[in-house]
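# Can you look at this prediction? I've put the sequence above it.
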Amino acid sequence: MKIKHVLTTLPQYILPHHWLSGLMSKLTHCRVRWFKNAFIKLIIKLYGVNLSEAKSQNLDDYASFNDFFTRELKAGVRPIALEKDAVVSPADGAVSQAGTITDDKIFQAKSMTFSTVDLLGGDAERAAAFKDGVFSTIYLSPKDYHRLHMPLDGKLTEMVHIPGRLFSVNAATAESVPGLFARNERVACLFDTEAGPMALVLVGAIFVSSVETVWQGVVTPPTASSVRSWHYDDQNILLKKGEEMGRFNMGSTIIILFGKNKVAWEKDFFAGKPIKLGEKIGYLLNAHG
(Lines give C-alpha, C1' and ligand atoms only; values in the text may rest on other atoms or scores of the structure.)
Protein backbone atom coordinates (compact mmCIF):
# COMPACT_ATOMS: atom_id res chain seq x y z
CA MET A 1 0.00 0.00 0.00
CA LYS A 2 1.49 3.32 -1.06
CA ILE A 3 1.94 5.88 1.72
CA LYS A 4 0.63 8.71 -0.47
CA HIS A 5 -2.56 6.73 -1.09
CA VAL A 6 -3.05 6.27 2.65
CA LEU A 7 -2.46 9.97 3.32
CA THR A 8 -4.97 11.04 0.67
CA THR A 9 -7.54 8.50 1.91
CA LEU A 10 -7.37 9.03 5.69
CA PRO A 11 -9.24 12.37 5.67
CA GLN A 12 -12.17 10.66 3.95
CA TYR A 13 -12.93 8.69 7.13
CA ILE A 14 -13.95 11.86 8.95
CA LEU A 15 -15.65 13.75 6.12
CA PRO A 16 -19.46 14.12 6.29
CA HIS A 17 -19.96 12.09 3.10
CA HIS A 18 -23.71 12.42 2.69
CA TRP A 19 -23.79 16.11 3.64
CA LEU A 20 -21.13 16.89 1.03
CA SER A 21 -22.96 14.81 -1.56
CA GLY A 22 -26.19 16.65 -0.76
CA LEU A 23 -24.43 19.97 -1.27
CA MET A 24 -22.99 18.77 -4.59
CA SER A 25 -26.46 17.64 -5.64
CA LYS A 26 -27.80 21.17 -5.11
CA LEU A 27 -24.97 22.60 -7.22
CA THR A 28 -25.35 20.05 -10.02
CA HIS A 29 -29.12 20.61 -10.20
CA CYS A 30 -28.86 24.41 -10.18
CA ARG A 31 -30.74 25.88 -13.17
CA VAL A 32 -29.11 29.33 -13.16
CA ARG A 33 -27.93 29.56 -16.76
CA TRP A 34 -24.57 31.31 -16.28
CA PHE A 35 -23.62 29.04 -13.36
CA LYS A 36 -24.55 25.69 -14.89
CA ASN A 37 -22.95 26.62 -18.25
CA ALA A 38 -19.72 27.69 -16.51
CA PHE A 39 -19.74 24.43 -14.51
CA ILE A 40 -20.24 22.38 -17.70
CA LYS A 41 -17.43 24.21 -19.53
CA LEU A 42 -15.07 23.67 -16.57
CA ILE A 43 -15.67 19.90 -16.50
CA ILE A 44 -15.32 19.63 -20.29
CA LYS A 45 -11.96 21.40 -20.07
CA LEU A 46 -10.65 19.61 -16.97
CA TYR A 47 -11.56 16.08 -18.07
CA GLY A 48 -11.62 16.29 -21.86
CA VAL A 49 -15.28 15.41 -22.32
CA ASN A 50 -16.05 14.53 -25.95
CA LEU A 51 -19.20 16.60 -26.43
CA SER A 52 -19.33 15.76 -30.14
CA GLU A 53 -20.75 12.34 -29.20
CA ALA A 54 -23.68 13.89 -27.33
CA LYS A 55 -27.13 14.19 -28.90
CA SER A 56 -26.88 17.94 -28.25
CA GLN A 57 -23.74 20.09 -28.22
CA ASN A 58 -25.71 23.20 -27.24
CA LEU A 59 -25.18 23.85 -23.52
CA ASP A 60 -28.47 25.73 -23.34
CA ASP A 61 -30.27 22.46 -24.09
CA TYR A 62 -29.17 21.19 -20.66
CA ALA A 63 -31.35 22.51 -17.85
CA SER A 64 -28.66 21.82 -15.24
CA PHE A 65 -25.17 20.41 -14.94
CA ASN A 66 -26.72 17.06 -14.01
CA ASP A 67 -28.68 17.05 -17.27
CA PHE A 68 -25.36 17.44 -19.08
CA PHE A 69 -23.65 14.82 -16.93
CA THR A 70 -26.32 12.24 -17.73
CA ARG A 71 -26.52 13.38 -21.37
CA GLU A 72 -27.93 11.19 -24.10
CA LEU A 73 -25.56 10.13 -26.89
CA LYS A 74 -26.12 10.34 -30.62
CA ALA A 75 -27.71 7.27 -32.14
CA GLY A 76 -25.09 4.78 -33.31
CA VAL A 77 -22.03 6.12 -31.48
CA ARG A 78 -22.06 3.11 -29.10
CA PRO A 79 -22.84 0.07 -31.29
CA ILE A 80 -23.82 -3.04 -29.35
CA ALA A 81 -21.81 -6.20 -30.16
CA LEU A 82 -24.05 -8.34 -32.36
CA GLU A 83 -22.78 -11.85 -31.56
CA LYS A 84 -25.52 -13.86 -29.89
CA ASP A 85 -23.16 -15.11 -27.19
CA ALA A 86 -21.64 -11.70 -26.47
CA VAL A 87 -21.69 -10.14 -23.01
CA VAL A 88 -21.30 -6.40 -23.53
CA SER A 89 -19.97 -3.60 -21.39
CA PRO A 90 -22.75 -1.83 -19.47
CA ALA A 91 -20.88 1.47 -19.43
CA ASP A 92 -18.09 3.65 -20.68
CA GLY A 93 -15.16 3.56 -18.27
CA ALA A 94 -12.07 1.59 -17.33
CA VAL A 95 -11.74 -1.90 -15.88
CA SER A 96 -10.72 -1.69 -12.24
CA GLN A 97 -10.62 -5.47 -11.81
CA ALA A 98 -12.04 -8.54 -13.51
CA GLY A 99 -11.71 -12.21 -12.68
CA THR A 100 -13.06 -15.15 -10.73
CA ILE A 101 -14.98 -15.01 -7.49
CA THR A 102 -13.12 -17.30 -5.07
CA ASP A 103 -15.86 -18.96 -3.02
CA ASP A 104 -17.58 -15.65 -2.20
CA LYS A 105 -14.52 -13.38 -2.25
CA ILE A 106 -14.07 -10.65 -4.87
CA PHE A 107 -10.65 -9.12 -5.47
CA GLN A 108 -10.50 -5.38 -4.80
CA ALA A 109 -6.83 -4.33 -4.99
CA LYS A 110 -3.45 -5.41 -3.65
CA SER A 111 -4.26 -8.06 -1.01
CA MET A 112 -7.78 -6.81 -0.26
CA THR A 113 -11.03 -8.62 -1.03
CA PHE A 114 -14.69 -8.22 -0.12
CA SER A 115 -17.51 -10.76 -0.04
CA THR A 116 -20.50 -11.14 -2.32
CA VAL A 117 -22.65 -11.51 0.81
CA ASP A 118 -21.60 -8.07 2.06
CA LEU A 119 -21.81 -6.52 -1.42
CA LEU A 120 -25.40 -7.74 -1.90
CA GLY A 121 -26.70 -6.57 1.47
CA GLY A 122 -25.81 -9.37 3.88
CA ASP A 123 -28.12 -12.03 2.44
CA ALA A 124 -26.24 -15.32 2.00
CA GLU A 125 -29.02 -16.87 -0.10
CA ARG A 126 -28.96 -13.92 -2.51
CA ALA A 127 -25.18 -14.18 -2.84
CA ALA A 128 -25.06 -17.98 -3.22
CA ALA A 129 -25.90 -17.79 -6.93
CA PHE A 130 -22.51 -16.15 -7.56
CA LYS A 131 -20.27 -18.52 -5.58
CA ASP A 132 -17.12 -19.29 -7.62
CA GLY A 133 -18.52 -17.23 -10.50
CA VAL A 134 -16.98 -14.23 -12.24
CA PHE A 135 -16.99 -10.49 -11.59
CA SER A 136 -15.89 -7.27 -13.18
CA THR A 137 -15.57 -3.82 -11.64
CA ILE A 138 -15.83 -0.86 -14.03
CA TYR A 139 -14.94 2.69 -12.97
CA LEU A 140 -16.62 5.67 -14.60
CA SER A 141 -14.60 8.89 -14.61
CA PRO A 142 -16.14 12.38 -14.91
CA LYS A 143 -15.49 12.42 -18.68
CA ASP A 144 -17.49 9.25 -19.31
CA TYR A 145 -21.08 8.71 -20.44
CA HIS A 146 -23.02 8.03 -17.23
CA ARG A 147 -26.03 6.03 -18.32
CA LEU A 148 -25.84 2.30 -17.62
CA HIS A 149 -27.06 -0.42 -19.98
CA MET A 150 -27.72 -4.16 -19.98
CA PRO A 151 -24.84 -6.61 -20.68
CA LEU A 152 -27.42 -9.28 -21.66
CA ASP A 153 -31.17 -9.61 -22.08
CA GLY A 154 -32.61 -9.92 -18.59
CA LYS A 155 -35.77 -10.17 -16.50
CA LEU A 156 -35.63 -8.09 -13.34
CA THR A 157 -36.21 -10.16 -10.19
CA GLU A 158 -35.04 -7.96 -7.30
CA MET A 159 -33.53 -4.59 -6.42
CA VAL A 160 -31.69 -3.95 -3.16
CA HIS A 161 -30.65 -0.59 -1.70
CA ILE A 162 -27.79 -0.96 0.78
CA PRO A 163 -26.95 2.21 2.76
CA GLY A 164 -23.33 2.95 3.58
CA ARG A 165 -20.49 5.45 3.37
CA LEU A 166 -19.49 7.39 0.26
CA PHE A 167 -15.73 7.01 -0.06
CA SER A 168 -14.10 7.95 -3.33
CA VAL A 169 -13.79 4.92 -5.62
CA ASN A 170 -10.60 5.87 -7.46
CA ALA A 171 -7.52 3.62 -7.59
CA ALA A 172 -5.87 5.22 -4.56
CA THR A 173 -8.91 4.62 -2.36
CA ALA A 174 -9.43 1.10 -3.71
CA GLU A 175 -5.89 0.27 -2.58
CA SER A 176 -6.37 1.84 0.86
CA VAL A 177 -9.92 1.26 2.15
CA PRO A 178 -10.70 -2.36 3.08
CA GLY A 179 -13.94 -3.66 1.59
CA LEU A 180 -14.51 -0.35 -0.20
CA PHE A 181 -17.26 -1.46 -2.59
CA ALA A 182 -19.12 -3.33 0.17
CA ARG A 183 -18.93 -0.27 2.46
CA ASN A 184 -20.22 2.42 0.11
CA GLU A 185 -23.92 3.02 -0.45
CA ARG A 186 -25.08 0.97 -3.44
CA VAL A 187 -28.03 -0.38 -5.39
CA ALA A 188 -27.92 -4.02 -6.50
CA CYS A 189 -30.15 -5.05 -9.40
CA LEU A 190 -30.66 -8.77 -9.96
CA PHE A 191 -31.80 -10.32 -13.23
CA ASP A 192 -32.54 -13.73 -14.70
CA THR A 193 -30.64 -14.08 -17.99
CA GLU A 194 -29.57 -16.69 -20.51
CA ALA A 195 -26.46 -17.03 -18.32
CA GLY A 196 -28.49 -17.54 -15.16
CA PRO A 197 -28.55 -14.95 -12.38
CA MET A 198 -26.77 -11.66 -13.11
CA ALA A 199 -26.20 -8.82 -10.64
CA LEU A 200 -25.46 -5.23 -11.60
CA VAL A 201 -24.31 -3.32 -8.52
CA LEU A 202 -24.32 0.47 -8.83
CA VAL A 203 -21.87 1.76 -6.22
CA GLY A 204 -22.11 5.34 -4.97
CA ALA A 205 -19.13 7.51 -4.05
CA ILE A 206 -18.29 10.91 -2.60
CA PHE A 207 -20.47 13.49 -4.40
CA VAL A 208 -22.35 10.55 -6.00
CA SER A 209 -25.24 9.81 -3.68
CA SER A 210 -27.93 9.65 -6.37
CA VAL A 211 -28.66 6.45 -8.30
CA GLU A 212 -31.61 5.97 -10.68
CA THR A 213 -33.09 2.97 -12.46
CA VAL A 214 -35.45 3.08 -15.43
CA TRP A 215 -38.18 1.14 -13.59
CA GLN A 216 -37.98 2.98 -10.23
CA GLY A 217 -36.65 6.45 -10.94
CA VAL A 218 -34.43 7.85 -8.18
CA VAL A 219 -33.65 5.11 -5.63
CA THR A 220 -31.36 7.23 -3.49
CA PRO A 221 -31.42 9.87 -2.03
CA PRO A 222 -32.83 9.81 0.47
CA THR A 223 -30.61 7.20 2.04
CA ALA A 224 -31.98 4.75 4.60
CA SER A 225 -30.97 3.34 7.97
CA SER A 226 -31.25 -0.28 6.83
CA VAL A 227 -31.31 -2.45 3.71
CA ARG A 228 -34.41 -2.09 1.52
CA SER A 229 -35.46 -4.57 -1.17
CA TRP A 230 -38.06 -4.72 -3.92
CA HIS A 231 -39.19 -7.99 -5.56
CA TYR A 232 -40.45 -8.18 -9.13
CA ASP A 233 -41.24 -11.88 -9.55
CA ASP A 234 -44.88 -11.06 -10.28
CA GLN A 235 -43.98 -8.40 -12.83
CA ASN A 236 -42.62 -8.81 -16.32
CA ILE A 237 -39.86 -6.18 -16.44
CA LEU A 238 -37.72 -7.25 -19.41
CA LEU A 239 -34.70 -5.31 -20.65
CA LYS A 240 -32.80 -6.12 -23.84
CA LYS A 241 -29.03 -6.26 -24.22
CA GLY A 242 -27.78 -2.71 -24.69
CA GLU A 243 -30.97 -1.14 -23.32
CA GLU A 244 -30.63 1.55 -20.64
CA MET A 245 -31.22 0.27 -17.10
CA GLY A 246 -30.07 3.16 -14.89
CA ARG A 247 -27.73 6.07 -14.37
CA PHE A 248 -25.43 7.78 -11.91
CA ASN A 249 -25.97 11.43 -11.09
CA MET A 250 -22.21 12.10 -11.05
CA GLY A 251 -19.75 9.24 -11.63
CA SER A 252 -18.92 6.03 -9.83
CA THR A 253 -18.54 2.27 -10.31
CA ILE A 254 -20.63 -0.63 -11.58
CA ILE A 255 -19.89 -4.23 -10.59
CA ILE A 256 -21.13 -7.18 -12.69
CA LEU A 257 -21.58 -10.67 -11.20
CA PHE A 258 -22.34 -14.00 -12.90
CA GLY A 259 -22.51 -17.54 -11.52
CA LYS A 260 -20.05 -20.40 -11.89
CA ASN A 261 -19.30 -21.70 -15.41
CA LYS A 262 -21.76 -19.31 -17.05
CA VAL A 263 -19.60 -16.53 -18.53
CA ALA A 264 -15.92 -16.09 -19.45
CA TRP A 265 -14.28 -12.71 -19.91
CA GLU A 266 -12.40 -11.84 -23.07
CA LYS A 267 -8.62 -12.35 -22.79
CA ASP A 268 -7.96 -8.63 -23.21
CA PHE A 269 -10.52 -7.66 -20.55
CA PHE A 270 -8.18 -6.83 -17.69
CA ALA A 271 -7.45 -4.15 -15.08
CA GLY A 272 -6.66 -0.77 -16.58
CA LYS A 273 -8.30 -1.41 -19.95
CA PRO A 274 -10.50 1.46 -21.19
CA ILE A 275 -13.85 0.25 -22.53
CA LYS A 276 -16.95 1.63 -24.19
CA LEU A 277 -20.61 0.79 -23.75
CA GLY A 278 -21.66 -2.08 -26.02
CA GLU A 279 -18.16 -3.46 -26.54
CA LYS A 280 -17.88 -7.25 -26.18
CA ILE A 281 -16.25 -8.02 -22.82
CA GLY A 282 -17.15 -11.70 -22.46
CA TYR A 283 -19.14 -14.59 -23.83
CA LEU A 284 -21.64 -17.22 -22.71
CA LEU A 285 -19.92 -20.51 -21.98
CA ASN A 286 -22.96 -22.62 -22.87
CA ALA A 287 -22.82 -21.17 -26.38
CA HIS A 288 -19.29 -22.56 -26.74
CA GLY A 289 -20.29 -26.09 -25.94
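Looks like it arrived, so ask away. Numbering: from 1, shown residues only.

# mind showing which ranges of the stretch 51-200 of the chain have poor pLDDT?
Applying pLDDT under 70 to the stretch 51-200 of the chain picks out residues 168, 170, 172, 176.

# redo that, cut-off 80
109-111, 165-178 (pLDDT under 80).

# which residues in it form strands?
Here the stretch 51-200 of the chain has its strands, by DSSP state E, counting those that start in this stretch, at 86-88, 93-100, 105-109, 112-115, 134-139, 147-149, 154-162, 186-193, 196-203.

# could you point out which element follows the last one?
Following strand 196-203 in sequence order, the next helix or strand is strand 210-213 (DSSP states H and E).

# which residues are in contact with that following strand?
Strand 210-213 is contacted from outside by 21, 25, 159, 186-187, 189, 202, 204, 218-221, 245-250, using CB atoms under 8 Å, 6 or more residues apart in numbering. Using the backbone N, CA and C atoms, a C-beta is placed for each residue, glycine as well.

# 6 Å instead, please
Strand 210-213 has contacts (CB atoms under 6 Å, 6 or more residues apart in numbering) with 187, 202, 218, 219, 220, 246, 247, 249.

# Which single one of these is nearest to residue 82?
If you rank the contacts of strand 210-213 by distance to residue 82 using CB to CB, residue 246 comes first, at 23.5 Å.

# so that closest one touches residue 148, yeah?
Yes. Using CB atoms under 6 Å, residue 246 is in contact with residue 148, at 4.7 Å.

# Of these two, give the one with the bigger neighbour count.
Higher neighbour count among residue 246 and residue 148: residue 148, with 27 against 24, using other CB atoms under 10 Å.

# how much space between the more buried one and residue 201?
When distance is defined by CB to CB, to the nearest Å, residue 148 is 11 Å away from residue 201.
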